[in-house]
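# The following comprises the amino acid sequence and a computationally predicted model.
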Amino acid sequence: MARSGKQGGRQYTEAEVRVILERALRGAQTREVGHDELVAAAEEIGISRAAIEAASRDIELVRGEEEARAAIVARRRKGFRSHLFSFVVVNAFLFAVNALTPGPWWFFWPLLGWGLGLAFHARAALSSDVSPRQIRREIARSAERARREELRRLKEQRRAEHLERKQRLERSAEELGHAVEEGVATMLSRIAQEIRGSAPPAPPEDAARRQRIAPFDADDAESEALGEDEAERAARRGRGRR
């Protein structure tokens with residue numbers, strides 16, 4: 001690939017462009033570059049987006065293989081350290097038992113047998129050779145872990161959203177209950193005011209006085225009628241005597 005320079009009309013081959021970019025990146029301040037920035041920089045020197053996408057996929061694949069290889073080697077060495085610790089502790093205990101009891105020395109037999117197995121384990125654990133099959137299995141295992149972690153994160157997010165929605169509904173129901181109570185109290189107060197406003201007016205003072213006097217007038221009339229009856233009976237008795 002050749003590209004004309006804006007100053008002096010200089011041109012560079014593809015190999016020179018690659019070397020110049022590598023040296024410029026080594027001399028520049030170290031920082032992470034985003035995918036969009038990488039695509040924009042590549043388009044400035046005439047590299048298509050499709051080429052950048054393909055190269056980035058290759059880089060991601062290589063990175064995944066390197067991470068898988070490093071995880072396998074780290075797991076092997078961790079297992080070997082655990083095996084070595086068990087070997088030392090158990091054989092030290094067997095040596096102490098053999099030394100404190102009478103009889104011939106026998107602890108070196110399990111020491112030799114177990115030591116042979118430990119040596120084979122150390123050979124496999126300290127080696128950095130990893131087969132492509134193991135790398136593929138490790139990548140698949142990492143992808144499965146990432147998928148489970150994402151599912152767990154989504155589940156926790158849904159649980160948090162459900163809890164927040166429930167709390168929001170409870171607050172809304174409580175506010176609605178308060179509003180209903182206030183509305184009912186206001187309505188009852190208005191009804192009571194209307195009832196008090198529609199009650200008949202109290203009788204005036206003279207009408208009340210007449211109502212108080214009326215019982216006495218009825219009593220006088222009744223007494224007068226009784227007197228007339230008594231007079232009439234007395235007159236009848238007088239005529240009967242004559």
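That came in fine, so what should we check first?

# longest helix of this structure?
The longest helix of the chain (DSSP state H) is helix 132-197.

# Find me the pLDDT at residue 56, would you?
At residue 56, the pLDDT value in this model is 70.

# which residues sit in contact with residue 64?
139, 142 (C-beta atoms under 8 Å, 6 or more residues apart in numbering). In short, each C-beta sits where N, CA and C put it, glycine included.

# can you give me the angle the helix or strand containing it makes with helix 132-197?
Assigned by DSSP states H and E, residue 64 belongs to helix 49-100. Orientation check (axes from the mean of the first three to the mean of the last three C-alpha atoms, to 10 degrees): helix 49-100 against helix 132-197 gives 100 degrees.

# could you measure residue 54 against residue 66, distance?
19 Å (C-beta to C-beta, to the nearest Å).

# just residue 13 next, same as before
30 Å.

# Repeat that for residue 85.
Residue 85 is 29 Å from residue 66, by C-beta to C-beta.

# Pull the number of nearby residues for residue 101.
Neighbourhood size, residue 101 [other C-beta atoms under 10 Å]: 8.

# For residue 156, give me the pLDDT.
Per-residue pLDDT puts residue 156 at 93.

# Repeat that for residue 12.
Reported pLDDT for residue 12: 69.

# for residue 89, same thing?
In this model, residue 89 carries a pLDDT of 96.

# With the one 5 residues further on instead?
On the pLDDT scale, residue 94 is placed at 94.

# Just confirm it contacts residue 111, I think it does.
Yes. The criterion here is C-beta atoms under 8 Å, and residue 94 meets it with residue 111 at 7.4 Å.

# for residue 104, phi and psi?
Phi and psi for residue 104, reported as degrees, to the nearest 10, are phi -70, psi 170.

# Residue 92 versus that one, what's the distance?
From residue 104 to residue 92 the distance is 19 Å (C-beta to C-beta).

# out of these two, which sits in the busier spot?
residue 92 (12 against 5).

# Please tell me how far that one sits from residue 73.
Distance of residue 92 to residue 73, given as C-beta to C-beta: 29 Å.

# helices and strands of this protein: which one bottoms out on pLDDT?
Lowest by mean pLDDT, DSSP states H and E among the helices and strands of the chain is strand 3-4, with a mean of 44.

# Distance check, residue 171 against residue 105.
79 Å.

# ok, back up a step: which element is encountered next along the chain beyond the helix holding residue 64?
Next element after helix 49-100 (DSSP H and E): helix 108-125.

# Can you give the contact residues for that next one?
Defining contact as C-beta under 8 Å, 6+ apart, one finds that helix 108-125 is touched by 76, 77, 79, 80, 83, 84, 87, 90, 91, 94, 95.

# Residue 143: which of those residues is nearest?
residue 76 (20.8 Å; C-beta to C-beta).

# Next up, the contacts around that closest one.
When contacts are taken as C-beta under 8 Å, 6+ apart, residue 76 is in contact with 124, 125.

# repeat that for 10 Å
Going by C-beta atoms under 10 Å, 6 or more residues apart in numbering, residue 76 touches 121, 124, 125, 126, 127, 128, 130.
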